[in-house]
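> Mind looking at a prediction? Sequence and model below.
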There are 2 protein chains.
Amino acid sequence: MGNRVVCDISISVDGFVAGPGQSREQPLGGGGAERLHSWLFEAQDENRAEIDAIVSAGAFVMGRNMFGPIRGEWHLDWQGWWGEEPPYHGPVFVLTHHPREPLTMKGGTTFTFVTDGIEAALDRARAAAGDRDVAIAGGAATVNQYLRAGLVDELRTHVAPVVLGAGERLFTDVPGLELRLLSARATSLVSHVSYRIVR
Amino acid sequence: MGNRVVCDISISVDGFVAGPGQSREQPLGGGGAERLHSWLFEAQDENRAEIDAIVSAGAFVMGRNMFGPIRGEWHLDWQGWWGEEPPYHGPVFVLTHHPREPLTMKGGTTFTFVTDGIEAALDRARAAAGDRDVAIAGGAATVNQYLRAGLVDELRTHVAPVVLGAGERLFTDVPGLELRLLSARATSLVSHVSYRIVR
C-alpha cells in the first residue's frame, strides 16, 4: 500500500471531462472538448511542473473506453488512440471484461488488460510502479469508480476556461467524498487545483 | 455603460451553488451547502482580498429567490434573510414580478424591487453605483441569466472543496460563453478562480 494513488484530470468550468457524443472519430466528444487539453499541447512551458508530475507516475490504470473505441468491441488490432509511441512510457493497466494479451508499444508503454476489477488492476499497478506514484488515467467513469471506492489519495484537476454544456461529468455518485484543498495556480489556459482525498 | 459588472459566486467542486431542497428554513438547500460559504465566515483573514472585492461594489442586483422564500409569495413584512443589517451596505435591486415599495435597512442597505427585467435592473444599479462596480449577487438562475445575456464582465468563482451531488448549477444554458482565465489562488478552505467574460 506504499504507492500514492494520484489522478490528473482536465475538466471544464461546468464540470465536464468529455463532451457529448463520444465516438471513435471523436474520442473526447464534441462541444469543443479538445479545448480541455489545450494547455497540454499549446502551453507546455508555463505548465511544465504539472506536466512533469503527470508523466512521473510509475504505472497507470485506465478504463476500457479510454483505451479503445466507445461503442462495440475493440478490434484485436486496436492499439489505443496514441499512435506507435503512447505518452505513458511505462506500464498501463486497462480495465476490461474482455481478456487480451498484453501489448508492447514503442517508448516503454505496455498495455496490460485486467479483467478482475479495479482493485486487482490497482494492485498490479502498485506492483509495477516501484516506489513511484500510481496514476488513475481516466476516463471519468473510471476516476469516479476509484473515488467512490476510496482508493485515490490526490486528485489534481486542471480546469480549462471552457463551458461544454453537456458530456461526461466528474464527481457523479461519489457520496461523502471528502476533499482538502492543496493548491491552486493559474496559467494562461488552465487553473490547476489539487485536492487531497480524506479517507 | 462605464461600470464594470462583476459576479462573485461560491460553488462546489461538482458545480453546484446551492444544495437540493431549498426552502425558507434552508435557503441554501441541503447536502452540506452551508460549507460553500465557510470561507466567508471561518477564514476571513486569509481571504481578505476577495472579501474586500465583494463588498467594494457600489450596487447589487439579486434574484427574487435570493431575497425571499423560495416557494409562494413573500409576505410584505419579509425583509430578506440577513437580519436588520444586511451585509450589502448599499443599494440592492431585487428582480421580481411583484411590485413593492423600497425597503431601507440599517447600515445603508436599501432593497429596491424591479419588475421590468434584468436590463432595467442593471441600468438602475449602474446609475446607483457611481464609478464603482455593479455586482450580480445571485442566485444561480440570476447569474446564468446575466451570463446568457452577455452582461457580465468578470466572474469570480470561489470553489469550495465540497461535493454536493445535487442542487442548483451555475453555467446552465449559457451556450457560447467565452471565458479568459484571470487568476487562481488557494487558501485553506477555498480556491478563488476568476474569469473575464469575452464579449
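Structure received. Residues are numbered from 1 along each chain as shown, chains lettered A, B, ... in the order given.
> For the top helix by length along chain A, C-alpha coordinates in CSV please.
Longest helix in chain A by number of residues (criterion: DSSP state H): helix A:118-129. Coordinates of each C-alpha in helix A:118-129 appear next as CSV, following Å, rounded to 0.1, in the frame of the first residue of the first chain:
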residue,chain,number,x,y,z
ILE,A,118,-10.5,-2.1,-10.2
GLU,A,119,-8.8,-3.3,-7.0
ALA,A,120,-6.9,-6.0,-8.9
ALA,A,121,-5.8,-3.5,-11.5
LEU,A,122,-4.6,-1.1,-8.8
ASP,A,123,-2.7,-3.9,-7.1
ARG,A,124,-0.9,-4.8,-10.3
ALA,A,125,-0.2,-1.1,-11.0
ARG,A,126,1.3,-0.8,-7.5
ALA,A,127,3.5,-3.8,-8.0
ALA,A,128,4.7,-2.3,-11.3
ALA,A,129,5.2,1.2,-10.1
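> How far off centre is that helix?
15 Å (C-alpha atoms, centre = their mean, to the nearest Å).
> quick one: average pLDDT of it?
Averaging pLDDT along helix A:118-129 yields 98.
> just checking, what packs against it?
For helix A:118-129, the elements it packs on are strand A:59-62, strand A:91-95, strand A:110-114, strand A:134-138, helix A:140-148, judged by 3 or more C-beta pairs under 8 Å, 6 or more residues apart in numbering or on different chains; DSSP states H and E. From N, CA and C alone the C-beta is placed, and that goes for glycine too.
> quick one, which of the ones you listed is nearest to chain B?
helix A:140-148 (9.1 Å; C-beta to the nearest C-beta).
> Output the closest one as CSV, nothing but the C-alphas.
Extracted C-alpha coordinates of helix A:140-148, given in CSV (Å, rounded to 0.1, in the frame of the first residue of the first chain):
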residue,chain,number,x,y,z
ALA,A,140,-14.4,10.0,-15.9
ALA,A,141,-16.3,6.7,-15.1
THR,A,142,-13.1,5.1,-14.0
VAL,A,143,-12.0,8.0,-11.9
ASN,A,144,-15.4,8.1,-10.3
GLN,A,145,-15.2,4.4,-9.6
TYR,A,146,-11.9,4.8,-7.8
LEU,A,147,-13.1,7.9,-5.9
ARG,A,148,-16.2,6.0,-4.8
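> That helix and chain B in contact?
No - using C-beta under 8 Å from any C-beta of the partner chain, helix A:140-148 stays clear of chain B, coming no nearer than 9.1 Å.
> Tell me which strands the helix or strand just after that helix pairs with, and in which orientation.
For helix A:140-148, the succeeding helix or strand toward the C-terminus, using DSSP states H and E, is strand A:154-160. Strand A:154-160 has its sheet partners listed here by DSSP bridges as strand A:5-12 (parallel), strand A:191-198 (antiparallel).
> got the ones you listed as a markdown table, with mean pLDDT, mean neighbour count and distance to B:Ala53 columns?
Listed next are these as a markdown table, based on pLDDT from 0 to 100; neighbours: other C-beta atoms under 10 Å in any protein chain shown; distance: least, C-beta to C-beta, whole Å:
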| stretch | mean pLDDT | mean neighbour count | distance to B:Ala53 |
| --- | --- | --- | --- |
| strand A:5-12 | 97 | 23 | 25 |
| strand A:191-198 | 98 | 21 | 18 |
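> Show me the one of those that comes nearest B:Ser23.
Of all the strands paired with strand A:154-160, strand A:191-198 sits nearest to B:Ser23, with 29.4 Å by C-beta to C-beta.
> who's in contact with the lowest-mean-pLDDT helix or strand in chain A?
In chain A, no helix or strand scores lower on mean pLDDT, DSSP states H and E than helix A:64-67, which sits at a mean of 90. Outside helix A:64-67, the residues that touch it by C-beta atoms under 8 Å, 6 or more residues apart in numbering or on different chains are A:22, A:74, A:78, A:80-81, A:94-98, A:111, A:137-139, A:141-142.
> List just the one of the helices and strands packed on helix A:118-129 that sits closest to B:Arg185.
Closest among these, using C-beta to C-beta: helix A:140-148, at 25.0 Å.
> list the helices and strands that closest one packs on?
By 3+ C-beta pairs under 8 Å, 6+ apart, helix A:140-148 packs against strand A:5-12, strand A:16-18, strand A:59-62, helix A:118-129, strand A:134-138, strand A:168-169.
> Give me every residue in chain A lying close to chain B.
Residues of chain A lying near chain B (C-beta under 8 Å from any C-beta): A:13-15, A:157, A:159, A:161-163, A:165, A:169-175, A:177, A:179-193, A:195.
> ok, so what distance separates A:Asp77 from chain B?
Going from A:Asp77 to chain B by C-beta to the nearest C-beta, to the nearest Å gives 38 Å.
> Next, that residue: secondary structure please.
Under DSSP: H, G, I helix; E, B strand; the rest coil, A:Asp77 falls in the coil class.
> returning to what we had before: same list, the helices and strands packed on helix A:118-129, but as a markdown table with mean pLDDT please.
Converted to a markdown table, the helices and strands packed on helix A:118-129 look like this (pLDDT from 0 to 100):
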| stretch | mean pLDDT |
| --- | --- |
| strand A:59-62 | 98 |
| strand A:91-95 | 97 |
| strand A:110-114 | 97 |
| strand A:134-138 | 97 |
| helix A:140-148 | 96 |
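> Adding mean neighbour count and distance to B:Ala149, write the ones you listed out as JSON lines.
As requested, the helices and strands packed on helix A:118-129 are exported to JSON lines (neighbours: other C-beta atoms under 10 Å in any protein chain shown; distance: least, C-beta to C-beta, whole Å):
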{"stretch": "strand A:59-62", "mean neighbour count": "26", "distance to B:Ala149": "41"}
{"stretch": "strand A:91-95", "mean neighbour count": "25", "distance to B:Ala149": "44"}
{"stretch": "strand A:110-114", "mean neighbour count": "19", "distance to B:Ala149": "48"}
{"stretch": "strand A:134-138", "mean neighbour count": "26", "distance to B:Ala149": "35"}
{"stretch": "helix A:140-148", "mean neighbour count": "21", "distance to B:Ala149": "31"}
